[in-house]
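[1] sharing a model that was predicted from the sequence below.
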Amino acid sequence: MTRSFRDRLYDINPDYLTFDTLQTLQVNMGDLCNLQCAHCHVAASPTGERNMGRAVVEKIVALLDGRHGLTLDITGGCPELNPQFAHLVEATRHMGLRRIVRSNLAVLSEPGMEWLPEFYLEHRLILFCSLPCYSAGTVDRQRGEGVFARSIHALQRLNQLGYGSSCELNLVYNPGGEFLPGSQQELEAAYKAELSRQHDVRFNNLYTITNAPIGRFRDYLERKGALDTYLNLLAARFNPDAAGAIMCRTLVSVDWQGLLYNCDFNQALGMPIMTREGAALTIDDLETAARAGTGLVLGQHCYCCTAGEGSSCSGSLAA
């Protein structure tokens, strides 16, 4: 039987079981998406109905005011499809935040979304864009027919506006099956060479993210009879050097209703941060959730963040 993730962390340093300092507020705007990717841990789709409304957005804006230097990480689903996306960006423009948008790239070619590239540029948003491979076949199998071509067109448009040079444009890789990412440094070099040679596309950094055994990827593993094998792989590749840098020690995730989580994976699993009395914390309780020493909500799926080079929303944690 695989040892609990909590016990593995405790053996290295008991402090790793607790929150440290708030550096990132990750806002998941909901499960509406123009794609229906095979690996999606939040099971987002064009029929998604769990989407953040104005009331929650206004609370987030109020809490961010005065927090200079904090990172606002906007994700989904496809966050740009949420009607409140533009308002959240515009309302936080002058707050001195590092603002990230996680885009699937293909949204830029959706009807009525032609304004997005210039909007990104106007607000100096940092882009983290999903591109699970530099070959069309692999991307289209995971994300849908024609998505690779749409993604390349979007990247070329962003390059024309200065993204990848004067503005930060990062790509995100995740494996196409039940295996760990390769070396982030080596994959970045390969991506840069191939995308430049084949499509004249440039970007700043490539970040690798290990697939969490949840959502549609878990369904895939179960259909294949590979769930236990994959969980054992993650545990066997546990990297102590990545343990201290797990993102849940510096990040709080907000869902569409305003509930708080230690990460987006916990959010997908319905594992919110709780009071000792068993009540779920909300955006109104951010100070409590982000207090140093607050215990983290952990599970066996957390092994995906410490396997191999480690994994977070900002890529690998240990070389």
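    Arrived safely. Note that the structure is a prediction, hence the values are computed from the model and not measured.
[2] okay, and the helix or strand of this protein with the least pLDDT?
    Here the helix or strand of the chain ranked lowest by mean pLDDT, DSSP states H and E is helix 136-143, holding a mean of 93.
[3] for the following helix or strand past that helix, which outside residues touch it?
    Per DSSP states H and E, the first helix or strand lying C-terminal to helix 136-143 is helix 147-160. Identification of contacts with helix 147-160 by Cβ atoms under 8 Å, 6 or more residues apart in numbering yields 35, 104-106, 108-109, 117, 120, 127, 129, 131, 135-136, 139-140, 164-165, 169, 195, 199-203. The way it works is simple: take the backbone N, C-alpha and C, and place the C-beta from them, glycine included.
[4] name the residues of helix 147-160 that are buried.
    Using 16 or more other Cβ atoms under 10 Å as the test for burial, helix 147-160 gives 147-148, 150-155, 157-159.
[5] could those go into JSON lines alongside pLDDT and distance to residue 291?
    Below are these laid out as JSON lines (pLDDT from 0 to 100; distance: Cβ to Cβ, whole Å):
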{"residue": "147", "pLDDT": "97", "distance to residue 291": "42"}
{"residue": "148", "pLDDT": "97", "distance to residue 291": "44"}
{"residue": "150", "pLDDT": "98", "distance to residue 291": "43"}
{"residue": "151", "pLDDT": "98", "distance to residue 291": "40"}
{"residue": "152", "pLDDT": "98", "distance to residue 291": "45"}
{"residue": "153", "pLDDT": "98", "distance to residue 291": "45"}
{"residue": "154", "pLDDT": "98", "distance to residue 291": "40"}
{"residue": "155", "pLDDT": "98", "distance to residue 291": "40"}
{"residue": "157", "pLDDT": "98", "distance to residue 291": "43"}
{"residue": "158", "pLDDT": "98", "distance to residue 291": "39"}
{"residue": "159", "pLDDT": "98", "distance to residue 291": "42"}
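[6] from those, which is closest to residue 53?
    Set against residue 53, the nearest of the buried residues of helix 147-160 by Cβ to Cβ is residue 154 (27.6 Å).
[7] where's the closest one relative to residue 166, distance?
    18 Å (Cβ to Cβ, to the nearest Å).
[8] in the stretch 201-319 of the chain, which spans are helices?
    215-224, 227-236, 240-243, 264-269, 286-289 (DSSP state H, counting those that start in this stretch).
[9] now do the stretch 1-150 of the chain
    Going by DSSP H, counting those that start in this stretch, the stretch 1-150 of the chain shows helices at 5-12, 54-64, 85-91, 116-122, 136-143, 147-160.
[10] now those in TSV, with distance to residue 218?
    Compiled in TSV, these are given as follows (distance: least, Cβ to Cβ, whole Å):
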stretch	distance to residue 218
helix 5-12	16
helix 54-64	27
helix 85-91	28
helix 116-122	31
helix 136-143	15
helix 147-160	22
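[11] most tightly packed of those helices?
    Counting by mean count of other Cβ atoms under 10 Å, helix 147-160 has the highest mean neighbour count of the helices of the stretch 1-150 of the chain, with a mean of 20.
[12] now do the contacts for residue 167.
    Residue 167 touches 120-121, 124, 126-127, 161, counting by Cβ under 8 Å, 6+ apart.
[13] tell me the confidence at the closest residue to residue 30 other than its chain neighbours?
    Nearest residue to residue 30 in three dimensions, chain neighbours excluded: residue 51, at 3.2 Å (Cβ to Cβ, 6 or more residues apart in numbering). What the model reports as pLDDT for residue 51 is 97.
[14] kindly report the same for residue 319.
    Value for residue 319, per-residue pLDDT: 67.
[15] please apply the same query to residue 14.
    97.
[16] neighbours around it, how many?
    9 (other Cβ atoms under 10 Å).
[17] just residue 239 next, same as before
    Count around residue 239 with other Cβ under 10 Å applied: 16.
[18] so it touches residue 318, yeah?
    Yes. Using Cβ atoms under 8 Å, residue 239 is in contact with residue 318, at 5.6 Å.
[19] any common contacting residues for the two?
    Common neighbours of residue 239 and residue 318 (Cβ under 8 Å, 6+ apart) are 309-310.
[20] list the contacts of residue 8.
    Residue 8 sits in contact with 238, 243, 306, where contact means Cβ under 8 Å, 6+ apart.
[21] likewise for residue 140?
    146-148 are the contacts of residue 140 under Cβ under 8 Å, 6+ apart.
[22] what about the least confident helix or strand of the chain, distance to the chain center?
    Relative to its chain's centre, helix 136-143 lies at 19 Å (Cα atoms, centre = their mean, to the nearest Å).
[23] can I get the CA coordinates of it in PDB?
    C-alpha atoms of helix 136-143 as PDB (Å, rounded to 0.1, in the frame of the first residue of the first chain):
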ATOM      1  CA  ALA A 136      -0.400  18.700 -34.800                       C
ATOM      2  CA  GLY A 137      -1.400  15.100 -34.300                       C
ATOM      3  CA  THR A 138      -0.700  14.900 -30.600                       C
ATOM      4  CA  VAL A 139      -2.400  18.200 -29.800                       C
ATOM      5  CA  ASP A 140      -5.500  17.400 -31.900                       C
ATOM      6  CA  ARG A 141      -5.900  14.000 -30.300                       C
ATOM      7  CA  GLN A 142      -5.900  15.600 -26.800                       C
ATOM      8  CA  ARG A 143      -7.700  18.800 -27.600                       C
END
